[in-house]
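Undergrad: Predicted model, plus sequence, below.
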Amino acid sequence: MRRVIVVDGTFLKSKYKGVLLVATDLDGDSNLYQIAFGVVDSENDRSWEWFFRQLLVVIADGQGVPFVSDRNLSVSKALAKVYPHSSHGICKHHLLSNVAFHFKTKGLVGLIAKASKEYMVSEFERRFNDICNISPLVAKYLMEAGVEKWARCRFSGFRYDIRTTNPTELLNSVLRAPREFSVIPLLDSIREMLTQWFYDRRRVISKHNSPLTIEIEKKIYRRIEKDKSFRVHPVKNLQED
């Protein structure tokens, strides 16, 4: 799996209520890879700390283990305690949604999105200066959120382009019906679902002989086909001695 862990919580709909906490990743074929899940009473400091301590048993702390979440303060506090050496990034979509909701300045959301994708610090600073000139309030908000948590070039680790909590939200969507069950049937449904996923994936990959995954092979093939239409021109005339 890719070494980026996306964490989030979703409300349960049974009469017992509660929250399902999940830690999700993506495998080499961009499939959801469920790492851990747990049921707690609510999203608070104690529940998230408990969840991360259980996760710590199988995934050790280190600089090569970045996390991505929304701007939940309990998640930040728990990660600081349990995974002090890991990097913590926030979801780009949540950040942009908050900017669009609290600040009504037109064009800023797109500019922030472009700034967050920049690989070079100089290009990021140029776009961020534009943001500061348009709205100092938005710039202050982005700095308070932690530039190193949402800007690609400022992040102290590798996120492998996983910059949102979409993996956990997709999982929550798949579990829409089981979330109405009581705890034991809910966990049984998750176990059955994951078992079926891994069985199907193993059956498909057993017929695949390439060293790269199926999805990556498709991407490379599409790019090769696209490259065939390119026209190549020399930069200058080369003369032999």
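TA: All right, it came through fine.
Undergrad: what about the strands in this protein?
TA: 5-11, 19-26, 32-40, 67-69, 88-90 (DSSP state E).
Undergrad: possible to save the ones you listed as TSV with mean neighbour count, mean pLDDT and distance to F124?
TA: For glycine as for every other residue, the C-beta is placed from the backbone atoms N, C-alpha and C. Below are those laid out as TSV (neighbours: other C-beta atoms under 10 Å; pLDDT from 0 to 100; distance: least, C-beta to C-beta, whole Å):
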stretch	mean neighbour count	mean pLDDT	distance to F124
strand 5-11	22	91	23
strand 19-26	22	91	25
strand 32-40	17	90	30
strand 67-69	24	93	19
strand 88-90	23	92	15
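Undergrad: If I look at D29, what pLDDT would I see?
TA: D29 is assigned 82 on the pLDDT scale.
Undergrad: what's the burial count for it?
TA: Residues within reach of D29, counting by other C-beta atoms under 10 Å, total 17.
Undergrad: Now it, what are its backbone angles?
TA: phi -100, psi 10 (degrees, to the nearest 10).
Undergrad: ok, it touching S210?
TA: No: counting by C-beta atoms under 8 Å, S210 is not a contact partner of D29; they are 11.6 Å apart.
Undergrad: if we compare the strands of the chain, which one ends up closest to S173?
TA: strand 5-11 (9.5 Å; C-beta to C-beta).
Undergrad: quick one, domains of the chain?
TA: 1-87+156-213, 92-155 (automatic domain parsing).
Undergrad: would you turn these into TSV with distance to P234?
TA: TSV is the format used below for these (distance: least, C-beta to C-beta, whole Å):
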stretch	distance to P234
domain 1-87+156-213	32
domain 92-155	28
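Undergrad: Relative to R231, which of the ones you listed is closest?
TA: domain 92-155 (26.8 Å).
Undergrad: Quick one: mean pLDDT over the closest one.
TA: On average, domain 92-155 scores 91.
Undergrad: List the residues that contact V82.
TA: E49, F52, R53, L55, L56, D61 (C-beta atoms under 8 Å, 6 or more residues apart in numbering).
Undergrad: any idea of the pLDDT on the second one?
TA: What it means is F52. 96.
Undergrad: how many other residues sit next to it?
TA: F52: 24 neighbours (other C-beta under 10 Å).
Undergrad: Identify the residue nearest it in space, chain neighbours excluded?
TA: In this structure, F52 finds its nearest non-sequential neighbour in V82, 4.0 Å apart by C-beta to C-beta, 6 or more residues apart in numbering.
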